[in-house]
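J.: can't give you the sequence, but here's the structure:
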């Protein structure tokens, strides 16, 4: 039994929950660092003596240092999609990412995985995409051997992506597309991303790599919508809507407590999010990623 501790920041989130499950399957001891640890109670098996929940504020240096004490490795899966209060793209994706990397280096951790996203670019005009890129640079300059993981748009039965598309296709006979539907995307199963992270933490794996993780198929957005509709036995009319209109709509939506769409999501839909064949990917850790259609069929058969 492996007694090495992996601290997971963002462990109660969409990807973090899956990372924890995969780490447990690989025999790691797990420390779930969360500002709201009560939310993570369900992640602990009743007989699990090797996992613990601790309260941690990723904005606080001392709190982060305590969460990393005695750990073998850390995973930073914290993300932010809408800014509010002190939770800004810079504070989360740059300042806090740097804080985790710096404390991991000081504590002498052997491994650090930083989760970013395909398309992260410090030179982007988009604030969200730019801060993602700046965060990657900051992490690597602070913890030189850090592993960067860039997933494409992730899907799962409990996601806010695929389930929303299916729901809207069912409700809207006329479906508004982002732009002309030409943006390319490579949806990836969140469980496959989590498994890749767990495997990347194995001591036999090389360090300082940047993984780009995409699913087995690249779609243009219109093609993706038609694929989902076909699996759900639907025949929607797809109507192009200019990105300027989407930006205006998202700006209004962000005022709501739970925004159905955000400006950064619109910005991401304006760029291709496809894994580069020249970058390490699933094949480098022995994973054959699952297709959207496979999950869709299971989801739809259970409805």
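T.: Looks like it came in fine. Small disclaimer: the values here were computed from a predicted structure and weren't measured. Residues are numbered from 1 along each chain as shown.

J.: ok, now which ones touch residue 244?
T.: Going by CB atoms under 8 Å, 6 or more residues apart in numbering, residue 244 touches no other residue. Any C-beta I mention is one placed from the backbone N, CA and C, and that applies to glycine too.

J.: tell me the buried residues in the helix or strand that contains it?
T.: If you go by DSSP states H and E, residue 244 is part of helix 243-253. Going by neighbour count (16 or more other CB atoms under 10 Å), the buried part of helix 243-253 is 243, 246, 249, 250, 253.

J.: for stretch 4-17, same thing?
T.: For stretch 4-17, by 16+ other CB under 10 Å, it's 4-17.

J.: for the chain, which spans come out with low pLDDT?
T.: Within the chain, the ranges that satisfy pLDDT under 70 run 1-3, 37-49, 303.

J.: please, where are all the helices along it?
T.: Ranges of helices in the chain, per DSSP state H, are 14-25, 61-68, 89-90, 97-107, 127-142, 162-171, 190-200, 221-231, 243-253, 263-268, 292-301.

J.: tell me what angle the first one forms with helix 190-200.
T.: Going by axes from the mean of the first three to the mean of the last three CA atoms, to 10 degrees, helix 14-25 is angled at 50 degrees with respect to helix 190-200.

J.: swap in the longest one?
T.: In this structure, helix 127-142 runs at an angle of 10 degrees to helix 190-200, with the same axes, to 10 degrees as the basis.

J.: show me which of the buried residues of stretch 4-17 is closest to residue 272.
T.: Nearest to residue 272 among these: residue 15, at 21.4 Å, using CB to CB.

J.: that closest one touches residue 115, doesn't it?
T.: Yes. Residue 15 is within contact range of residue 115, at 6.6 Å (criterion: CB atoms under 8 Å).

J.: count the residues that sit near the closest residue to residue 64 other than its chain neighbours.
T.: The spatially closest residue to residue 64, leaving aside those adjacent along the chain, is residue 103, at 4.8 Å (CB to CB, 6 or more residues apart in numbering). Neighbour count of residue 103, defined by other CB atoms under 10 Å: 23.

J.: for residue 103, give me its contacts.
T.: Neighbours of residue 103 in contact, by CB under 8 Å, 6+ apart: 61, 64, 65, 68.

J.: nearest to residue 261 among those?
T.: Using CB to CB, the contacts of residue 103 come closest to residue 261 at residue 64, 31.9 Å.

J.: what residues are up against the closest one?
T.: 9, 33, 56, 57, 58, 99, 100, 103.

J.: which residues touch the nearest residue to residue 209 once chain neighbours are set aside?
T.: Leaving aside its chain neighbours, residue 209 sits nearest to residue 280 (4.9 Å; criterion: CB to CB, 6+ apart). Residue 280 makes contacts with 209, 210, 211, 212, as judged by CB under 8 Å, 6+ apart.
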